[in-house]
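Student: Need the 3D shape of this:
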Amino acid sequence: MAMEKVRIVSIHSEGKALEWFQGYETSVKELNWNTFTADVIV
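Tutor: Have a look, this model is predicted:
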């Protein structure tokens, strides 16, 4: 379920948010919802 949330974020992102997400996705070793939300908040 958590990975599904990350996938939904990527589908609904556009512009600079999508560019950021794509870079983030490639730079994180293990992408998961808890890490993603913590990194977005910072």
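
Student: As a check, name the ranges of all strands in this protein.
Tutor: Read by DSSP state E, the chain holds no strands at all.

Student: For the helix or strand of it with the lowest mean pLDDT, which residues meet the burial criterion?
Tutor: When the helices and strands of the chain are scored by mean pLDDT, DSSP states H and E, helix 2-12 comes last with a mean of 88. Buried residues in helix 2-12, counted by 16 or more other C-beta atoms under 10 Å: Val6, Val9. Heads up, the C-betas are built off the backbone N, CA and C, glycines and all.

Student: Okay, now the unreliable bits of the chain?
Tutor: Along the chain, no part satisfies pLDDT under 70.

Student: could I get the least confident helix or strand of the chain in CSV with only the CA atoms?
Tutor: The C-alpha coordinates for helix 2-12 follow below in CSV (Å, rounded to 0.1, in the frame of the first residue of the first chain):
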residue,chain,number,x,y,z
ALA,A,2,2.8,2.5,0.9
MET,A,3,4.6,2.0,-2.4
GLU,A,4,1.2,2.5,-4.2
LYS,A,5,1.0,5.9,-2.5
VAL,A,6,4.5,6.9,-3.9
ARG,A,7,3.4,5.7,-7.3
ILE,A,8,0.2,7.8,-7.1
VAL,A,9,2.3,10.9,-6.2
SER,A,10,4.5,10.3,-9.3
ILE,A,11,1.5,10.0,-11.6
HIS,A,12,-0.1,13.2,-10.3
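
Student: can you list contacts of that helix?
Tutor: Leu18, Phe21, Gln22, Glu25, Leu31, Asn32, Trp33, Asn34, Phe36 (C-beta atoms under 8 Å, 6 or more residues apart in numbering).
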